[in-house]
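[1] Give me the fold of what follows.
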Amino acid sequence: MKERDAYQVVIVGGGGAAGITVASRLCRENNPPDIAIIEPSEKHYYQPLWTLVGAGVFPREISERETKDFIPGNVAWIKDTVVQLDPEKNNLITESGKVIGYDYLIVAAGIQLDWNKIPGLNESIGKTGVCSNYSYQTVDSTWENIRNFRGGNAIFTQPDTPIKCGGAPQKICYLAEHYFRKSGVREKSGITFALPQGVIFAVKKYADALVDVAKKKGIEVKYQHNLAGLRPDRKEAIFRKVDTGEEVVMKYDMIHVTPPMSAPDFLKKSPIADANGWVDVNKDTLQHNRYENIFGIGDCSSLPTSKTAAAIRKQAPALVRNLLSKISGKPLNDSYDGYTACPIVTGYGSLILAEFDYDKNPKETFPFDQAQERYSMYFLKAYVLPRMYWHGMLRGRA
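    Numbers count the residues shown, from 1 in each chain. Reported below is the predicted structural model:
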């Protein structure tokens, strides 16, 4: 007989920003619901800092905290992994075989890194010049490659899937170029940023600025190039041209790979997924399009916006208010406009702060042109936003 527990609200995922932020906001209500979070990880990471860890600005350890320190005390923490959802029965099954029932379900399961979709990547990551900022285990390999680079070809890639922070793959490219100049190897280095998209960024205002940044730095931007495989023994990267299907082979001395990403496997095969595997939610209310007692938030959702912590910061209040309205039998009147932000580091001490909505219209916070590189915005990313995350957002206060 499988053990069965039941809660008024079950949150799937507490390893990223969304789940704990929503739980903390719900717990700040006068009469908070009975809540459980299902999350196996003992550690919680502030992942936006990994760009600067990979560039040697910070040690990776400062991005890590204990999960237990951020789950609200009156929330049940189930240290387990969800393997199956049954929305018809309002329950789910965990890896340990536990059946957990819910009145309301919030899915905040994050995004999955598909390292194995690039042949040659799994066995070479962290070795033979191959590195990536995209996990705590691999991020130090980026700085090792950058600081030990003595010239040659440095390649930085972006995949053809949705990813965490659409601007992140080019940030480390700009930082590496800056470091190569400081270390005296820039003149004997070729730097390539290869991406499958036809534009460097989705919002024209910031794309125009970033094209200028890449040109100024002498970085060759190869559009319509999707990384299809690595030959680490030969130090060759195989790209597939998106527009023609042509295979292009590039030699590298170092390569920073942003892996393809997708919805977690248990979501892909669940009844709550859309055709692409994401939680199928209304883009305004965050309520599921078919199951009214289910909500989705963050990277695992079908929301057509960039997958960033800044987006979750705006999604969470809307979701909480709509969930409470649903519990009270009231209409869901709160709306999320697709706001997201991507602080694009362009060098040590410079940053373009891209902020925009669903329609790709700039939605800027500050009274100046944020498409210009500024130290103040770099300072914001490096020193202010991490504190806001740990002490404000995850506490339900910001």
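[2] Spatially, which residue comes closest to Tyr102, not counting chain neighbours?
    Distances taken as CB to CB, 6 or more residues apart in numbering place Val10 nearest to Tyr102, at 3.9 Å, with adjacent residues excluded. All C-beta spots, glycine's among them, are computed from the backbone N, C-alpha and C.
[3] Could you look up the SS state of the one you found?
    Put simply, Val10 is strand when judged by DSSP: H, G, I helix; E, B strand; the rest coil.
[4] pretty sure it is in contact with Asp34, am I right?
    No. Between Val10 and Asp34 there is no contact under CB atoms under 8 Å: 9.6 Å.
[5] Neighbour count: the two, which is higher?
    Taking Val10 and Asp34 together and counting by other CB atoms under 10 Å, Val10 has the greater number of neighbours (26 against 14).
[6] tell me the contacts of the more buried one?
    Ile35, Ala36, Ile37, Ile38, Leu92, Ile100, Tyr102, Tyr104, Leu105, Ile106 (CB atoms under 8 Å, 6 or more residues apart in numbering).
[7] Out of those residues, who's the most crowded?
    Ile106 (29 neighbours).
[8] re earlier: may I ask which two of the contacts of Val10 are separated the most?
    Greatest spacing in the contacts of Val10, by CB to CB: Ile35 and Leu92 (14.7 Å).
[9] show me what contacts the residue nearest the centre of the chain?
    Compute the mean C-alpha point of the chain, and by CA atoms, centre = their mean the closest residue is Lys164, 2.5 Å away. Residues near Lys164 by CB under 8 Å, 6+ apart: Gln47, Ile111, Tyr134, Met261, Asp299, Lys307, Thr308.
[10] Then Tyr348?
    Contacts of Tyr348 by CB under 8 Å, 6+ apart are Ala55, Val57, Leu175, His178, Tyr179, Lys182.
[11] which helices and strands does the lengthiest helix in the chain pack with?
    When the chain is parsed with DSSP state H, its longest helix is helix 309-327. Contact partners of helix 309-327 among helices and strands, from 3 or more CB pairs under 8 Å, 6 or more residues apart in numbering; DSSP states H and E: helix 17-27, strand 99-107, strand 294-296, strand 340-347.
[12] Tell me the one among the contacts of Tyr348 nearest to Asp212.
    For the contacts of Tyr348, the minimum distance to Asp212 (CB to CB) is 15.6 Å, reached by His178.
[13] Would you check that Gly13 makes contact with Gly19?
    Yes. Contact status for Gly13 versus Gly19: in contact at 4.3 Å, counting by CB under 8 Å.
[14] Give me the common contacts of these two.
    With CB under 8 Å, 6+ apart, Gly13 and Gly19 have common neighbours Ile37, Glu39, Ala108, Gly298.
[15] any idea where the strands of the stretch 51-200 of the chain begin and end?
    For the stretch 51-200 of the chain, the strands defined by DSSP state E, counting those that start in this stretch cover 64-66, 76-78, 82-86, 91-94, 99-107, 112-113, 130-131, 152-157, 189-194.
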